[in-house]
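S.K.: I would like the atomic coordinates for the input below:
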Amino acid sequence: MKTGFQKIWLAGLLGFTLLWIIAGCAQMRDTSERPRKGPSYYEHKVKWTGESLSIIARWYTGSFENWKVLAKINPGMDPNKIQMGAKVRIPEDLMKTRKPMPENFVASLSPEKKKALPATSEPKPSKPKKAKIPPPKEIKAKPPVKPAYYEHKVRWSGESLSIIAKWYTGSFDNWKTLAKANPKINPSRIYTGQKIRIPGNLLKTREPMPKSFLADAGKGKREEPPPEPAPQQPPPDEEEPRLFGPKPYPKK
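M.R.: Next up is the predicted model:
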């Protein structure tokens, strides 16, 4: 009895194992035969002139830069010139809207934004260019700033540097400054028609000096000091008398 029962138990265990193996193989076969799901795409049909991958990417994905993704998904398509009726695939995971792109959106973009980046062809390696270093520029020294002057034209007889200084600067003493500013003019000899330069920082008025001012200024006028005479040599001292030797005769 025990031997028969053992045989039946082994046969049942073997059958169960075979069924489990067969079921596993069938399940593996079903999974291998199922089609793999790839990324899903939205298809845009070109309807308007001026469309480019960058404009299409901007409308559907929100960024011009996604034109590169569209170029990879749509190989052989010129990013800048897309033919009318062409169909452009757009990854759905990048999409912000499914509304068809209107014509006014294409026209509203500036020419700079309409231009896509260069085509997807591999760029040729370019030789490194040597950087041109410009020679150092010569620094030119700025000329010294010249003081601004007001020019007075002598019209009346009796004018002098002190009177001119009094009228234009408010002080007779500024005649010395005018003499330095006009080195070619003799302060004691001023004639009609001469032009006297007056430093702008001393000016109190720019109105021409009237003739009536000469009479008023003559009362309190401070004359320019005459040139100092050359120093005279003192007369030679009389010779002291000699104590020894012959007595000198007096000079005649």
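S.K.: Does residue 84 touch residue 50 like I think?
M.R.: No. The criterion here is C-beta atoms under 8 Å, and residue 84 misses it with residue 50 at 10.8 Å. Where C-beta positions appear, they are placed from N, C-alpha and C, glycine not excepted.
S.K.: of the two, who's got more company?
M.R.: residue 50 (13 against 10; other C-beta atoms under 10 Å).
S.K.: Helix or strand: which one has the residue nearest to that one when sequence neighbours are not counted?
M.R.: Sequence neighbours aside, residue 106 is the residue nearest to residue 50 in space, at 5.0 Å (criterion: C-beta to C-beta, 6 or more residues apart in numbering). Assigned by DSSP states H and E, residue 106 belongs to helix 103-108.
S.K.: ranges for the strands of the chain?
M.R.: Shown for the chain, the strands assigned by DSSP state E span residues 41-45, 87-91, 149-153, 195-199.
S.K.: Relative to residue 179, which of these is closest?
M.R.: strand 195-199 (9.9 Å; C-beta to C-beta).
S.K.: quick one: low-confidence parts of the stretch 151-252 of the chain?
M.R.: By pLDDT under 70, the low-scoring segments of the stretch 151-252 of the chain are 218-252.
S.K.: Do a quick rundown of the helices in it.
M.R.: 161-169, 175-181, 212-219 (DSSP state H, counting those that start in this stretch).
S.K.: For the second one, which helices and strands make contact with it?
M.R.: This points to helix 175-181. helix 161-169, strand 195-199 (3 or more C-beta pairs under 8 Å, 6 or more residues apart in numbering; DSSP states H and E).
S.K.: Burial-wise, tell me which of the helices of the stretch 151-252 of the chain comes out on top.
M.R.: Of all those, helix 161-169 carries the top mean neighbour count, a mean of 22, counting by mean count of other C-beta atoms under 10 Å.
S.K.: helices or strands up against it?
M.R.: Counting by 3+ C-beta pairs under 8 Å, 6+ apart, helix 161-169 packs on strand 149-153, helix 175-181, strand 195-199, helix 212-219.
S.K.: swap the cut-off to 6 Å and go again
M.R.: Applying 3 or more C-beta pairs under 6 Å, 6 or more residues apart in numbering; DSSP states H and E, one finds that helix 161-169 contacts helix 175-181, helix 212-219.
S.K.: hmm, who's touching the shortest one?
M.R.: Contacts of helix 175-181 from elsewhere in the structure, counted by C-beta atoms under 6 Å, 6 or more residues apart in numbering, are 161, 162, 165, 187, 197, 199, 224.
S.K.: Closest one of those to residue 207?
M.R.: The nearest one, if we look at the contacts of helix 175-181 relative to residue 207 and count by C-beta to C-beta, is residue 165, at 15.1 Å.
S.K.: still on that earlier bit, the helices and strands packed on helix 161-169 into CSV, with extra columns for distance to residue 74?
M.R.: Listed next are the helices and strands packed on helix 161-169 as CSV, based on distance: least, C-beta to C-beta, whole Å:
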stretch, distance to residue 74
helix 175-181, 83
helix 212-219, 94
